[in-house]
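Enquirer: My questions are about this predicted structure, shown below with the sequence.
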Amino acid sequence: MSDVQREVSELERKSATAARLFDIRRIIGGLFTVYGIIVTIAGITASDADLDKAVGVNVNLWTGLGMLALGIFFLVWLKLRPTAPPPPVSDEDGQRS
C-alpha cells in the first residue's frame, strides 16, 4: 500500500508543478514581454516616413512600451501571488467503497 501512496504523492507533486508551469499569467506575461520588446525596438528604429504615416505619433514605440508594461505586470503578479498547490487528498476522500 505504501507504493501506491508514494505514486499518488509523486503524481500530486507533478500536477502542482505542471499547474505552476502552465499558469496563464506566465504565458501571457512572457508573450507580452517578448512582443513588447520587439515592437519597442521597431518604434525606436522607426523612419521619418513611418512617423509621417502616423501623423507624427510613434505608434510602435508607445504600443511596445504598453505591451512591455503589461507583460512585466503579469510576471510580477505571478511572482507575488504564486499558484497555490492543490490540497492533499485525504484517505477518506481517496477511497471508494
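Expert: Structure received. Numbering: from 1, shown residues only.
Enquirer: What separation do you get for Leu75 and Ile28?
Expert: 9 Å (C-beta to C-beta, to the nearest Å). C-beta: built from backbone N, CA, C; applies to glycine.
Enquirer: To clarify, my last question referred to Met67.
Expert: When Met67 is compared with Ile28 (using C-beta to C-beta), they lie 11 Å apart.
Enquirer: When those two are compared, which one has more neighbours?
Expert: Using other C-beta atoms under 10 Å, the more surrounded residue of Met67 and Ile28 is Met67, with 20 against 17.
Enquirer: Pull the contacting residues for the more buried one.
Expert: Listed by C-beta atoms under 8 Å, 6 or more residues apart in numbering, the contact partners of Met67 are Phe32, Thr33, Tyr35, Gly36, Val39, Thr40.
Enquirer: any idea which helix or strand carries Gly29?
Expert: helix 24-44 (DSSP states H and E).
Enquirer: So which other helices or strands are in contact with that helix?
Expert: The contact analysis (3 or more C-beta pairs under 8 Å, 6 or more residues apart in numbering; DSSP states H and E) places helix 24-44 against helix 59-80.
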